[in-house]
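K.L.:
Here is my input, please return the structure:
(chains A and B)
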Amino acid sequence: MFAMLTAPAFSLGLSLPATTAMALSAPSIAHLTGLDIAVIVVYFAMVMWIGYYLKSRANTSEEFFMAGREMTAWIAGLSFVSANLGSLELMGWAGSAYQYGILAAHWYWIGAIPAMLFLGIVMMPFYYVSKTHSVPGYLKLRYGQGSSTVAAISFAFMTILMSGVNMFSMALVMKVVLGWNITFSIVVSSLAVAAYVALGGLRSAIFNEVLQFVLIWGGALLVPILGMIDAGGWTGLKTRILHDFPGQDYLHMWRGLGHFHDNPMGVHWTGIIFGLGFAISFGYWTTDFLVVQRVLAANSLRSARMAPVIGSFFKMAVPFIVILPGLLALVVLHNPNGSLMHLVGENVVNAHPGMGLHSYNEVLPLMLVRYCGPGLLGLGITALIAGFMSGMAGNVSAFAAVWTYDIYQPMLRKNEPDEHYVAVGRWATVLGVVVSIGAAYLVMNAQGIMDYVQALFSFFIAPLLGAILMGMFWKRATKAGGFWGLLIGTVTSVGLWAWVHFDPAALRIVALSPDARDMAENMYRALWSLSITVIVTLVVSLFSKAKPESELNGLVYGATVLPKEEPVAFYKNELFWAAIAVVAFVILNVMFW
Amino acid sequence: MTGTREIPIWFFIGVLLSIYGVMILGYGLWELATGHVANVVLAGLHAPVWWGALMLALGLFYLLRFRPGR
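P.N.:
Numbers count the residues shown, from 1 in each chain, chains lettered A, B, ... in the order given. I've put the predicted structure just below:
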């Protein structure tokens, strides 16, 4: 969802009206054979088999909501990354790479890796030792019910809304790419997700996410491999880009970030490092329960710390199947007459129906069709469907846990037997999917909502990070400080967004430059709201009564006695692998400087 | 938990990869045998053959390595 928060699929062009029009007017890009259909059917049969098989392993609330806290580091780590790797993210960022070049990889590297390592090495002990079942649950333990309720309700609302938006967008993509009926795509995929999550709970969602992760790689990896052969290797690709697009820098990540107008994204290095690399990225990867839930299901503290570290390596590799195809498309996609194909924004496609234009977001499907015949095409399409389903399963399983533990139990029915809450969780899963379908159709009929969904979600992330960081690392932070910090930080975020929305000239102040564009505004708005949250929490805490230190064990740095972990060989130690990840991260950034 | 040993996820992955490997490799071999090659770029590389074979090999490895009762 973090990717969705900033994904170019929406913020840079995939507007609903345009896409709807395109879906209705354009012929489909690909045509599936019987073999392709068989590949897709086998996938659906497999996910249902897993859900049905795990039905008997989801009898208690700990099993249903936390997968019994039995996941190994590898399973939790792959699931952690997979829940984020939605199909719209794949297609949106491939389109972004086509449009802006390798600059898009910032969202996979500085926009993810430091935060994932920080979660694993620094924050995980507190989440794990406190035995919380959710992020709002941690807020309840640290700050009390008020902060927890604010976070739980906003998370539940946004999760379902995002799930619906993703569902509808995915159905539109299937319509554009394959000519499938929108309702058919929505109903089949969402019912499958509802069935396997309601049957097997989080364990089933996690197992399927690991399966889907393997499938995404199996289906998408062939495109960059064949594309690189087609383009003449990395050297050939660079030569052809420089020849075909003189004067445009598609191949450097940092060189053009000295000023907002030096790069097509309209961003500045301070925004990338502090806004994306800290406020947004840490906000998403360390406090969004959608991803944190997967790590909380680990079978030990060491596994919980290792899982995000393992995930960071795979996250670093994702640009190979997302960004590289976007770059390759610049030079290998040709029109039927042999001329170089130029993809355009959705608004241009919409303005010229019937001209055979393709949008940036169709990069991956176009590349699939270029290289993949029967069977392999079905595998690629299955990878896109798997990406969608893993993201949706993440949404509904996180929603079910937050609804049951943080809203239903404390506010509606306390002290019920355990099986009651499991039943509530199952129904919440089904209800979550049904409401998501409703949200999908709501978006279809009131398309202006789409423009605001990304902003809505971003309102909560950075303030939540501020509140949690202050609570986790400052013993003096109080219940009142946390509550008011979270509230005023959120109001600040909403206020800044509204200010720029109604007075675009305010961008000069909010994003520090009149040349800043949408992405830069998001980064600086997150930074401002995070700062305000921290300041308010600090000031209010100093004027209110703090909890005694004895009540902070397991919740706050310096007041927590961490359990002793058995010593292991260095190659099994999370610190060793985190150090390797840091080195790889630095090397990648230097290589593509 | 029920007390019975759980089938690991890697086994399910092995099953899926094996099925896909057979389907895609089978199609690739049929292409080779009949000469009816799909109209895609770099069709001469016969990607279905080696990609299908790779999936089948990986699938069989996981299938055997993580089979229930092992």
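
K.L.:
what residues are up against the spatially most central residue of chain B?
P.N.:
When CA atoms, centre = their mean is applied to chain B, the residue found nearest the centroid is residue B:21 (2.3 Å). By CB atoms under 8 Å, 6 or more residues apart in numbering or on different chains, the contact list for residue B:21 reads B:52, B:53, B:54, B:55, B:56, B:57, B:58, B:59, B:60. Heads up, the C-betas are built off the backbone N, CA and C, glycines and all.

K.L.:
Buried only: go through these for me.
P.N.:
Neighbour counting with 16 or more other CB atoms under 10 Å in any protein chain shown marks B:52, B:54, B:55, B:56, B:58, B:59 as buried within those.

K.L.:
how far away is the fifth one from residue B:16?
P.N.:
To residue B:16, residue B:58 is 10 Å away according to CB to CB, to the nearest Å.

K.L.:
what kind of secondary structure is the closest residue to chain A within chain B in?
P.N.:
Per CB to the nearest CB, residue B:38 is where chain B lies closest to chain A, at 2.7 Å. Look at residue B:38: counting by DSSP: H, G, I helix; E, B strand; the rest coil, its state is coil.

K.L.:
check which helix or strand covers the nearest residue to it once chain neighbours are set aside.
P.N.:
Nearest residue to residue B:38, sequence neighbours excluded (CB to CB, 6 or more residues apart in numbering or on different chains): residue A:373, at 2.7 Å. Using DSSP states H and E, residue A:373 sits in no helix or strand.

K.L.:
Can you give me the neighbour number for residue A:373?
P.N.:
For residue A:373, the count of nearby residues is 23 (other CB atoms under 10 Å in any protein chain shown).

K.L.:
Residue B:36 is in contact with that one, correct?
P.N.:
No - contact criterion CB atoms under 8 Å: residue A:373 and residue B:36 do not qualify, at 10.2 Å.

K.L.:
just checking, what packs against the host helix or strand of residue A:37?
P.N.:
Assigned by DSSP H and E, residue A:37 belongs to helix A:34-53. Under the contact criterion of 3 or more CB pairs under 8 Å, 6 or more residues apart in numbering or on different chains; DSSP states H and E, helix A:34-53 touches helix A:182-220, helix A:376-402, helix B:9-34.

K.L.:
Past the last one, which element shows up next along the chain?
P.N.:
Same thing as helix B:9-34. According to DSSP H and E, the helix or strand after helix B:9-34 is helix B:47-65.

K.L.:
Three-state assignment for the one residue in the stretch 51-200 of chain A that gets nearest to chain B, please.
P.N.:
Distances between the stretch 51-200 of chain A and chain B by CB to the nearest CB are smallest at residue A:56, namely 5.5 Å. Assigned with three-state DSSP, residue A:56 falls in the helix class.

K.L.:
Count the neighbours of it for me.
P.N.:
14.

K.L.:
what's the answer for residue A:556, then?
P.N.:
22.

K.L.:
Look up the closest residue to it, ignoring the ones flanking it.
P.N.:
residue A:475 (5.2 Å).

K.L.:
follow-up on the earlier one: okay, buried residues for the helix holding residue A:37 please.
P.N.:
Buried, per 16+ other CB under 10 Å, within helix A:34-53: A:35-36, A:38-40, A:42-44, A:46-47, A:50-51, A:53.

K.L.:
which residues touch residue A:255?
P.N.:
By CB under 8 Å, 6+ apart, residue A:255 lies in contact with A:249, A:593.

K.L.:
which stretch among the helices and strands packed on helix A:34-53 comes nearest residue A:521?
P.N.:
helix A:376-402 (25.0 Å; CB to CB).

K.L.:
Beyond the closest one, next helix or strand please.
P.N.:
helix A:409-411.

K.L.:
Next, the buried residues of that next one.
P.N.:
A:409, A:410.

K.L.:
Please pull up the helix or strand immediately following that helix.
P.N.:
helix A:418-445.

K.L.:
and that next one, anywhere near chain B?
P.N.:
No - contact of helix A:418-445 with chain B (CB under 8 Å from any CB of the partner chain) is absent, the minimum separation being 14.0 Å.

K.L.:
In terms of secondary structure, what does that helix contact?
P.N.:
Checked by 3+ CB pairs under 8 Å, 6+ apart, helix A:418-445 has helix A:16-25, helix A:61-66, helix A:145-178, helix A:182-220, helix A:376-402, helix A:448-473 packed alongside it.

K.L.:
Report the mean per-residue pLDDT for it.
P.N.:
Helix A:418-445 carries an average pLDDT of 89.

K.L.:
Report the buried residues of it.
P.N.:
A:421-422, A:424-426, A:428-433, A:435-437, A:439-440, A:442-444.

K.L.:
Might one say that residue A:584 is in contact with residue A:315?
P.N.:
No - the pair residue A:584 / residue A:315 is not scored as a contact, 11.0 Å apart, by CB under 8 Å.

K.L.:
of the two, who's got more company?
P.N.:
residue A:315 (25 against 16).

K.L.:
excluding its backbone neighbours, what's nearest the more buried one?
P.N.:
In space, residue A:315 is closest to residue A:112, 5.0 Å off (CB to CB, 6+ apart).

K.L.:
which stretches of the stretch 1-150 of chain A aren't confidently modelled?
P.N.:
A:1-27, A:87-88 (pLDDT under 70).

K.L.:
helix/strand/coil for residue A:32?
P.N.:
Residue A:32 ends up coil, using three-state DSSP.

K.L.:
And for residue A:334, the neighbour number?
P.N.:
12.

K.L.:
how much space is there between residue A:266 and residue A:33?
P.N.:
43 Å.

K.L.:
Tell me which of those two has more neighbours.
P.N.:
A count of neighbours by other CB under 10 Å puts residue A:266 above the other of residue A:266 and residue A:33, at 20 against 15.

K.L.:
The more buried one and residue A:520 touch, don't they?
P.N.:
Yes - assessed by CB under 8 Å, residue A:266 is found in contact with residue A:520 at 5.6 Å.

K.L.:
Poorly predicted segments of chain B, please.
P.N.:
Using pLDDT under 70, chain B drops low at B:1-4.

K.L.:
mind running it again at 80?
P.N.:
Applying pLDDT under 80 to chain B flags the ranges B:1-6, B:69-70.

K.L.:
Spell out which parts of chain A neighbour chain B.
P.N.:
Checking chain A against chain B by CB under 8 Å from any CB, the hits are A:35, A:38-39, A:42-43, A:46, A:49-50, A:53, A:56-57, A:63, A:68, A:70, A:75, A:207, A:210-211, A:214-215, A:218, A:222, A:226, A:229-230, A:332, A:369-376, A:379.

K.L.:
near chain A, which residues of chain B show up?
P.N.:
B:1-2, B:6-7, B:9, B:12-13, B:15-17, B:19-20, B:23-24, B:27-28, B:31, B:37-43, B:45, B:47-48, B:51-52, B:55.

K.L.:
do that again at 7 Å, thanks
P.N.:
B:1-2, B:6-7, B:9, B:12-13, B:16, B:19-20, B:23-24, B:27, B:38, B:40-43, B:47-48, B:51, B:55 (CB under 7 Å from any CB of the partner chain).
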